[in-house]
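In: With the sequence up front, the predicted model follows.
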Amino acid sequence: MKRLNITMMLLVLCSFLAGAQDTLLPSYDWAGFERYEADNKAIAGMSPLAVIMGDSITDGWAEQDPAFFTQNNIVGRGISGQVTSQMLVRFRRDVLDLRPRYVVIIAGINDIARNQGYISQENSIGNILSMCELAVANGIEPVLSTLIPASKVVWRPAITNTRELVAAFNAELRAHAAERGFKLIDLEQLLADENGNTRPDLSEDTIHPTLAGYKIFEEAVLKALQ
């Protein structure tokens, strides 16, 4: 009888765990697959000139100047707050499946901000290089972009050495681009003032460009895609 009771208890426990499995696992779309699912289906087979992969900088760009994208057959695939690990996970759906000629990648500031927890610079850069390697393997030319020369992360004030972290990140990105022969858009130089920080007229928070900042970025992107 004692053995039977133990067996019954184990069966009940297993049944409970099986039923609770869905609630124990995360229920949200961590990588953001759903964000552009319908948009991707709508342009399936059209092969845009370029996809711009990124975070809120790309996301806000498409909102501030949508004509740049439509007039130049460029597709924006930015999701606000995302880190490089999330972008790498959705890279197949939001870039490879669209079969563009180019992909412009601007990513990394949210890694520095630790939006998903700590990640080393080496691993952040590694995620970007993995995206580049996937692109090349699928006949897509990658174009890298340095980070905007941010002097602070307004949503993460505890990080007090933002400028140094961004400068180190950009230096490594430039080195990899030169070594591998990737095109590079140097936003750190294009948007910086005489002190090396983001010009206040080009960004109100030193990270997200104003329309004037995006216009400079647009000129650089079109030059890189020629």
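Out: Yep, it's here.

In: Please name the nearest non-neighbouring residue to L96.
Out: Computed as Cβ to Cβ, 6 or more residues apart in numbering, the closest residue to L96 that is not its neighbour in sequence is N138, at 5.1 Å. Glycine gets a C-beta too; all of them are placed from N, C-alpha and C.

In: Quick one: the helices in the protein, in order.
Out: 2-24, 37-42, 56-64, 66-71, 84-94, 109-112, 121-137, 162-180, 187-190, 211-225 (DSSP state H).

In: Ok, which of the ones you listed comes nearest P149?
Out: Shortest distance between P149 and those, using Cβ to Cβ, is found for helix 187-190: 4.7 Å.

In: Please tell me how far V51 sits from N110.
Out: Separation of V51 from N110 (Cβ to Cβ, to the nearest Å): 19 Å.

In: What are the buried residues along stretch 192-207?
Out: Across stretch 192-207, burial judged by 16 or more other Cβ atoms under 10 Å covers A192, N197, T198, R199, L202, S203, T206, I207.

In: For the first one, which non-adjacent residue is spatially closest?
Out: So the one you mean is A192. Nearest residue to A192, sequence neighbours excluded (Cβ to Cβ, 6+ apart): P149, at 4.7 Å.

In: Do I have it right that that neighbour meets N197?
Out: Yes - with contacts counted by Cβ atoms under 8 Å, P149 reaches N197, the gap being 5.7 Å.

In: count of residues packed around L98?
Out: L98 is flanked by 22 other residues according to other Cβ atoms under 10 Å.

In: swap in K152?
Out: A total of 17 residues lie near K152 under the criterion other Cβ under 10 Å.

In: now it, nearest residue through space, not along the chain?
Out: Spatially, and ignoring its direct neighbours in sequence, K152 is nearest to T162 (5.3 Å; Cβ to Cβ, 6+ apart).

In: same question, R163
Out: Nearest one to R163, counting by Cβ to Cβ, 6+ apart, is S151 at 4.9 Å.

In: hang on, the earlier thing: can you put the buried residues of stretch 192-207 in CSV and add pLDDT?
Out: Output for those, formatted as CSV (pLDDT from 0 to 100):
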residue, pLDDT
A192, 95
N197, 92
T198, 95
R199, 96
L202, 96
S203, 95
T206, 95
I207, 96
